[in-house]
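[1] got a sequence here, can you model it:
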Amino acid sequence: MDSIVAFLFNIIYSLLAKIADLEAAIERLSPSKPGFDINSPKYKRFTVDKPPIVRRFEKQDYRELIKEHARLFGKPIKPVRRRGECRIDPKASCPYCGAPHEYIYDNDGGRGQLLCKVCNNRFANTKNHVPEMFLQCPYCGNALARLKDRKGFVIHKCVNYRCSFYKNALSALTKDEREEYKAHPYRFKLHYIYREFTTDFFAMDLSSMPGKAVNFKFRKFSPHILGLCLTYVVNCSLSTRATSRVMLDVHGVKISHGMVARYVQSASAIVSQFVLDYDYKPTNYLAADETYVKVKGIKHYVWFVMDAIKKSILGFAVSNTRTLEPCMVAMRRAFAHFKDFPGKALRFVADGYSIYNLARLQFEMDGKDFDLTQVIGLTNEDEVSAQYRWLKQIIERLNRTFKFSYRVTNSYGSFDGADAHVAVFVAYYNFLRPHPYNYWKPLNCIKELDALPNMPAKWQKLIELSQLHLVSLQTT
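    Sure thing, here's the model as predicted:
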């Protein structure tokens with residue numbers, strides 16, 4: 001018996017030793033090991049650089065340039081004196097100033113690059129045109145090279161090794177990082193990079209109607225049944241199937257869960273425009289965050305932008321990707337509530353996700369410049385996090401409130417269903433839900449709703465007000 005116990009102890013000790021070796025190997029290979037420097041240039045690929053300088057092409061006249069050169073230096077620009085056979089097409093001309101081939105150098109021995117002696121610009125032998133505008137590095141003024149084409153955006157890079165941005169990033173590397181950079185340069189971001197998005201984010205429709213909506217010409221049911229369904233689904237956070245059972249067990253109304261879902265989608269199609277156009281009179285403190293939901297078992301994302309002082313949800317979006325487009329939709333919906341954009345007076349708080357920096361850059365290029373404050377991590381390790389943590393906690397509390405109504409659905413059955421549920425949740429949160437912040441009254445009190453005795457009647461009245469709002473939009 002003692003020998004068996006000793007044998008088992010030896011096996012346990014050997015397994016524990018192997019586990020310790022595996023933990024040491026994981027800690028050694030993990031990028032999040034202790035001592036990980038988030039400020040290292042190795043991880044700067046997740047940061048967003050400031051916007052480039054946009055230059056528009058203005059074609060010059062080589063004759064005027066020659067006259068100007070003669071006035072400044074006392075002698076004109078002479079044609080190129082060639083010492084060998086000319087490989088340049090006699091019909092070639094400079095696309096920047098129009099100089100004929102007599103003023104053009106073969107700049108790389110016949111490999112295709114030409115140099116104009118008059119304006120000192122380089123161009124390809126096969127191309128006789130220049131773009132209407134080009135991008136320059138804001139640090140060195142060098143033209144950005146088109147590096148990669150991605151889905152939805154183009155990556156431009158400054159390839160100048162004399163650029164101050166590159167020199168500063170290179171000098172910040174430690175000795176070990178320099179050795180790693182020589183062996184694996186793709187792991188580091190040292191050059192200036194700009195992402196040019198091909199989508200016009202300010203031309204996207206912010207008020208599209210969801211599909212599978214039905215009209216409210218009731219034949220079998222009534223508006224009161226509609227109000228009851230919305231009350232159970234949104235206010236009481238029941239699933240459509242649970243709502244169908246409650247309607248039968250409590251009210252004796254036999255209604256399918258599919259019909260309940262169509263009621264929710266139809267209500268969201270009507271109410272969402274009223275929610276987006278309502279005058280919330282927002283403050284200059286906004287908080288943004290994204291949380292995930294499941295649609296048929298696949299991860300999707302819900303984006304919220306809220307007024308951190310008045311607690312109202314100003315912008316929202318649902319997407320199947322965690323990219324810039326839905327973030328821009330939510331932020332545009334929030335900024336649309338400002339009659340006069342506050343600019344630098346706006347305090348916009350989000351987490352450390354780099355997509356918010358990209359969105360700020362897009363708004364800056366559209367003339368809406370504001371300060372983005374990113375609260376990183378769960379602890380106050382810097383002064384910014386300590387000062388603005390409360391704003392981040394407010395939006396996180398909103399996410400938990402939303403998740404409470406989402407979890408009972410056991411994931412959404414379709415993208416339209418997710419979009420509809422988020423829309424009616426925002427309407428409920430802004431206009432119907434009692435909040436302790438407002439002494440257990442709705443955040444935005446509407447006198448037509450306050451006079452009604454129960455929640456189903458309030459849902460009916462909110463839909464009626466939304467329909468009148470849609471009619472007023474169609475007639476103006």
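[2] so what does the helix or strand harbouring Phe425 touch, helix or strand wise?
    Here Phe425, judged by DSSP states H and E, is contained in helix 415-431. In terms of contacts (3 or more C-beta pairs under 8 Å, 6 or more residues apart in numbering; DSSP states H and E), helix 415-431 is packed against helix 257-277, strand 285-295, strand 298-307, strand 313-319, helix 383-407. To be clear about C-beta, it is placed using only N, CA and C from the backbone, and glycine gets the same treatment.
[3] for Leu114, find the nearest of those.
    The closest of these to Leu114 is strand 313-319. By C-beta to C-beta, the value is 46.9 Å.
[4] output the helix holding Phe425 in PDB with nothing but the alpha carbons.
    Provided in PDB are the C-alpha atoms of helix 415-431 (Å, rounded to 0.1, in the frame of the first residue of the first chain):
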ATOM      1  CA  PHE A 415     -29.500  41.100 -37.700                       C
ATOM      2  CA  ASP A 416     -32.800  42.900 -38.300                       C
ATOM      3  CA  GLY A 417     -34.100  41.600 -35.000                       C
ATOM      4  CA  ALA A 418     -31.000  42.800 -33.200                       C
ATOM      5  CA  ASP A 419     -31.200  46.200 -34.800                       C
ATOM      6  CA  ALA A 420     -34.900  46.500 -33.900                       C
ATOM      7  CA  HIS A 421     -34.400  45.500 -30.300                       C
ATOM      8  CA  VAL A 422     -31.600  48.000 -29.800                       C
ATOM      9  CA  ALA A 423     -33.800  50.800 -31.300                       C
ATOM     10  CA  VAL A 424     -36.800  50.100 -29.000                       C
ATOM     11  CA  PHE A 425     -34.400  49.700 -26.100                       C
ATOM     12  CA  VAL A 426     -33.000  53.200 -26.700                       C
ATOM     13  CA  ALA A 427     -36.600  54.600 -27.000                       C
ATOM     14  CA  TYR A 428     -37.500  52.900 -23.700                       C
ATOM     15  CA  TYR A 429     -34.300  54.100 -22.000                       C
ATOM     16  CA  ASN A 430     -34.700  57.700 -23.100                       C
ATOM     17  CA  PHE A 431     -38.400  58.300 -22.700                       C
END
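[5] all helices for the stretch 51-200 of the chain, in order.
    62-73, 164-171, 175-183 (DSSP state H, counting those that start in this stretch).
[6] need the ones you listed in CSV (columns: distance to Asp49).
    What follows is the helices of the stretch 51-200 of the chain, written out as CSV (distance: least, C-beta to C-beta, whole Å):
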stretch, distance to Asp49
helix 62-73, 34
helix 164-171, 8
helix 175-183, 19
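[7] which stretch among these comes nearest Ser385?
    Among those, the nearest to Ser385 by C-beta to C-beta is helix 164-171 (24.9 Å).
[8] buried set for the closest one?
    Phe165, Tyr166, Ala169, Leu170 (16 or more other C-beta atoms under 10 Å).
[9] turn the residues you listed into CSV, including pLDDT and distance to Ala24.
    Below are the buried residues of helix 164-171 laid out as CSV (pLDDT from 0 to 100; distance: C-beta to C-beta, whole Å):
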residue, pLDDT, distance to Ala24
Phe165, 90, 38
Tyr166, 90, 37
Ala169, 88, 32
Leu170, 89, 33
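[10] which of the helices of the stretch 51-200 of the chain sits most buried?
    Of all the helices of the stretch 51-200 of the chain, helix 164-171 carries the top mean neighbour count, a mean of 15, counting by mean count of other C-beta atoms under 10 Å.
[11] what's the spacing between the residue most central in space within the chain and Leu443?
    Nearest to the mean C-alpha position of the chain, counting by C-alpha atoms, centre = their mean, stands Leu324 at 2.8 Å. Distance, Leu324 to Leu443, by C-beta to C-beta, to the nearest Å: 29 Å.
[12] and for Gln273?
    When C-beta to C-beta is applied, the distance between Gln273 and Leu443 equals 19 Å.
[13] ok, back up a step: which of the helices and strands packed on helix 415-431 sits closest to Asn160?
    helix 383-407 (32.3 Å).
[14] list of residues touching that closest one?
    Applying C-beta atoms under 8 Å, 6 or more residues apart in numbering, the external contacts of helix 383-407 come out as 234, 237, 285, 287-289, 291, 293, 302, 304, 306, 308, 311, 313, 347, 349, 351, 373-377, 379-380, 421-422, 425, 429.
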